[in-house]
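J.: With the sequence up front, the predicted model follows.
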Amino acid sequence: MSGRDVDLRVSIGSLELRSPVMPASGTFGSGREYADLVDLSRLGAIVTKGVSLEPWPGNPQPRIVETASGMLNSIGLQNPGVEAFCANDLPWLAAQGLAVIVNVSGHSVDEYVAVAKRLDREPAVSALELNVSCPNVDAGGMQFGTSCEAAASVTAAVRATTSKPLIVKLSPNVGDIAAIARSVEGAGADAVSLINTLLGMAIDVETQRPVLARRVGGLSGPAIKPVALRMVWDVYEAVRVPVIGMGGIASAHDAVEFMLAGATAVAVGTANFVDPAAMTRILDGVEAYCRERGVARVADLVGAAHRGAGGGQ
Amino acid sequence: MSCCGEAAEHGAGDGGQRKLLEQVVVEANERVATGVGLLALRAPRMAASVRPGQFVHLRIAEGTAFILRRPFSVHRARGETIEVLYQVVGVGTRWLAEREPGDAMDAIGPLGSGWRIPQGAAHALLVAGGLGAAPLGMLAEALAERGVAVSVAQGAPTAERLVAAGLFEDVARRVETATDDGSAGVRGFVTALVPALLEQDRPDVVYACGPEPMMCAVARMAAEAGVPCQVSLERLMACGVGACLSCTVSTRSGLKRACADGPVFDAVDVVWAQDEVEGLKR
């Protein structure tokens, strides 16, 4: 089988990726945890868990609950801080020869800037993903991603401190995600990624209390896919920078939908928990889809649904 | 693992063990007590490398049905077979109960740290509460094989639910039981048996698994007696491999992951917080 006849490479700004599939931040550790189970070399990039300036403890237990076709999490960006990340995770990632996108978290603009500045010195870091959309922390996180002004100001501040490609990860918990996308594009973002989780909750009817210790959490999994797809569609029409699409992707069919809606690359999150082979399986399926339709380059799929064509037919 | 106070002493080195994604086949699936099943899975690669106290992460349901994996302690490993004990408590375990011989399922394992056998240990006390007997089965056999004397204190709601009692009888020199209804052994909790066992027949190490309040109580008794104690903790878990940070355990050296740093912890390191476990029932 001539399995390599489809060109799987895509570009996110100046960042060249060998394939359009990557893990979503927070679902894949720093890749090392899955190295026995997944052929990481096939992925477009590794997207790390959120990294903050100081160590963050995250939220109390319980942190997750399963819901219909999905799950709620309130991990709260637990991480050992940027210095520990650079000392413990980066050397391993550098040795793998993978593109590394580091998800950057902060409580304040100054903290985002400090993390970005620290990571700018690290050649193993290929790009930064600015997390202005985590629903599970009180200060920072989503508060920077739910107003155009705040999103633009943190984006501009980080833009000024880093030479690396800058991706801004957007929250779906807003009235007009396209407006936020335009704001961060205007502030210098090289790409946008969407969506982060949808704010939700579950209540234990036995105890009559919220299941999650923090009461609310972020909904992910196949349940949110149609919402995410619609947002990718809207944002693709609103901005010129590349879009990384995510939200409930569990199959090649899902991934192709996101690309047709305008995603240049896709991220797989919750599906990794159910099937560690999800990303490589999706990649195989996307490649087969292109081959069957005579699509020479996977990039030709991007936004094809907006043009009213099926992608090379 | 960073939680280990003592060097791991099991045969296979930690460094040499790989996580496997294996298609396993149901060999048998039998009801062993009310609401409790014993699943025997043909899993040649995992059976060869699993250590006592480790777990497997089983994929539940097929096709496009989306449901998180469920973690199960390996109860025993023999030849190419691993066994897990499960209690039917929700949609995932109901699905498991419906599996028949020949059915395939997808398993990740062996995962987590195992029980550690301290160098020079001559006598071990195993304390099992309810389905907490599951990870202690393989341990009891491994201890006996090494010539370590095994005592067991086992508790359950009723005599019928003293799962794995036969295994313990076979390998232990002494088995004491407690049931909620008094249908076997003494009436009451298994913790009531522990002080006398610690005092009269002092073990070199205590291993406990069961409801968290039980493990907390056993840990205190062992600490008072000056005997090292290990516990196997349960948390809701998504990835099972250390990536998602769903299953954190508070320890004296910070938050650890039940899946990757545990599930076995030295009891002295655990910061017990009973309110942390309220959400575990599903």
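T.: Here it is on my side, so go on.
J.: switch to C-alpha atoms for all contacts and neighbour counts from now on
T.: OK.
J.: Spell out which residues of chain A are next to chain B.
T.: Residues of chain A found near chain B (C-alpha under 8 Å from any C-alpha of the partner chain) are A:26-31, A:33-34, A:36-37, A:57, A:60-66, A:68-70, A:73, A:75, A:78, A:211-212, A:222, A:272-275.
J.: how far does the lowest-mean-pLDDT helix or strand in chain B sit from the chain's center?
T.: Averaged element by element with mean pLDDT, DSSP states H and E, chain B has its least confident helix or strand at helix B:91-97 (a mean of 92). Remark: helix B:91-97 is offset 19 Å from the chain centroid, using C-alpha atoms, centre = their mean, to the nearest Å.
J.: which parts of that helix are buried?
T.: B:92-93, B:96-97 (16 or more other C-alpha atoms under 10 Å in any protein chain shown).
J.: Kindly report the same for stretch B:143-154.
T.: B:143-144, B:148-154.
J.: from these, which two are the most distant?
T.: B:148 and B:154 (18.5 Å; C-alpha to C-alpha).
J.: Pull the number of nearby residues for residue B:176.
T.: Using other C-alpha atoms under 10 Å in any protein chain shown, residue B:176 has 18 neighbouring residues.
J.: again but with residue A:307, I slipped
T.: Neighbours of residue A:307 (other C-alpha under 10 Å): 10.
J.: how close does it get to residue A:261?
T.: According to C-alpha to C-alpha, to the nearest Å, residue A:307 stands 10 Å off from residue A:261.
J.: ok, now residue A:159?
T.: From residue A:159 to residue A:261 the distance is 27 Å (C-alpha to C-alpha).
J.: okay, those two: which has more neighbours?
T.: residue A:261 (27 against 19).
J.: For the more buried one, which residues are in contact?
T.: The contact partners of residue A:261, by C-alpha atoms under 8 Å, 6 or more residues apart in numbering or on different chains, come to A:229-230, A:232-233, A:236, A:302-306.
J.: In helices, which of those appear?
T.: A:229-230, A:232-233, A:236 (DSSP state H).
J.: among the residues you listed, which ones are buried?
T.: Using 16+ other C-alpha under 10 Å as the threshold, A:229, A:232-233, A:236 are the buried ones among the ones in helices among the contacts of residue A:261.
J.: which residues in the stretch 201-313 of chain A form helices?
T.: Assigned by DSSP state H, counting those that start in this stretch, the stretch 201-313 of chain A shows helices spanning A:225-238, A:252-261, A:271-274, A:278-292.
J.: Can you name the residue of the stretch 1-150 of chain B nearest chain A?
T.: residue B:66 (5.0 Å; C-alpha to the nearest C-alpha).
J.: Distance of residue B:77 relative to residue B:137?
T.: 10 Å.
J.: Ok, residue B:160 next?
T.: 17 Å.
J.: before we move on, what about residue A:108?
T.: Relative to residue B:137, and taking C-alpha to C-alpha, residue A:108 is found at 51 Å.
J.: With neighbour numbers in mind, choose between the two.
T.: The neighbour count for residue A:108 versus residue B:137, taken as other C-alpha under 10 Å, is higher for residue B:137 (26 against 15).
J.: and the helix or strand that contains that one, what does it pack onto?
T.: Assigned by DSSP states H and E, residue B:137 belongs to helix B:134-145. Packing contacts for helix B:134-145, counted by 3 or more C-alpha pairs under 8 Å, 6 or more residues apart in numbering or on different chains; DSSP states H and E, involve strand B:76-78, strand B:123-129, strand B:149-156, helix B:165-171, strand B:205-209.
J.: outside of whatever helix or strand comes next after the last one, which residues touch it?
T.: Once the chain leaves strand B:205-209, the next helix or strand it forms, by DSSP H and E, is helix B:212-225. With contact meaning C-alpha under 8 Å, 6+ apart, helix B:212-225 is reached by B:127, B:129, B:190-191, B:194-195, B:198-199, B:206, B:208-209, B:228-231, B:233, B:267-268, B:272, B:274, B:277.
J.: Show me what the helix or strand that comes right after helix B:212-225 is in contact with.
T.: For helix B:212-225, the following helix or strand on the C-terminal side (DSSP H and E) is strand B:229-232. By C-alpha under 8 Å, 6+ apart, the residues outside strand B:229-232 that reach it are B:53, B:115, B:135, B:205-209, B:215, B:219, B:222-223, B:262-268.
J.: Check which strands are paired with strand B:229-232 and give the direction for each one.
T.: strand B:205-209 (parallel), strand B:264-266 (antiparallel) (DSSP bridges).
J.: Number of residues surrounding the residue in the stretch 1-150 of chain A positioned nearest to chain B?
T.: Relative to chain B, the nearest point of the stretch 1-150 of chain A is residue A:29 (4.1 Å; C-alpha to the nearest C-alpha). The number of residues packed near residue A:29 is 24, by other C-alpha under 10 Å.
J.: Next one: it relative to residue B:198, how far apart?
T.: Distance from residue A:29 to residue B:198, by C-alpha to C-alpha: 42 Å.
J.: what's the helix or strand for residue A:168?
T.: strand A:166-169.
J.: Extract the C-alpha set from whatever helix or strand comes next after that strand and format it as PDB.
T.: Sequence-wise, the next helix or strand downstream of strand A:166-169 (DSSP H and E) is helix A:177-186. Provided in PDB are the C-alpha atoms of helix A:177-186 (Å, rounded to 0.1, in the frame of the first residue of the first chain):
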ATOM      1  CA  ILE A 177     -16.000  33.600  20.200                       C
ATOM      2  CA  ALA A 178     -15.300  35.000  16.800                       C
ATOM      3  CA  ALA A 179     -14.900  38.500  18.400                       C
ATOM      4  CA  ILE A 180     -12.400  37.200  20.900                       C
ATOM      5  CA  ALA A 181     -10.500  35.500  18.100                       C
ATOM      6  CA  ARG A 182     -10.300  38.700  16.100                       C
ATOM      7  CA  SER A 183      -9.000  40.500  19.200                       C
ATOM      8  CA  VAL A 184      -6.200  38.100  19.800                       C
ATOM      9  CA  GLU A 185      -5.300  38.000  16.100                       C
ATOM     10  CA  GLY A 186      -5.100  41.800  16.200                       C
END
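J.: what's the nearest residue to residue B:209 if we skip its chain neighbours?
T.: Nearest residue to residue B:209, sequence neighbours excluded (C-alpha to C-alpha, 6 or more residues apart in numbering or on different chains): residue B:132, at 4.5 Å.
J.: Now the one you found, what are its backbone angles?
T.: Note on residue B:132: backbone dihedrals following degrees, to the nearest 10 are phi -60, psi -10.
J.: ditto for residue A:48
T.: Dihedral angles (degrees, to the nearest 10) for residue A:48: phi -80, psi 170.
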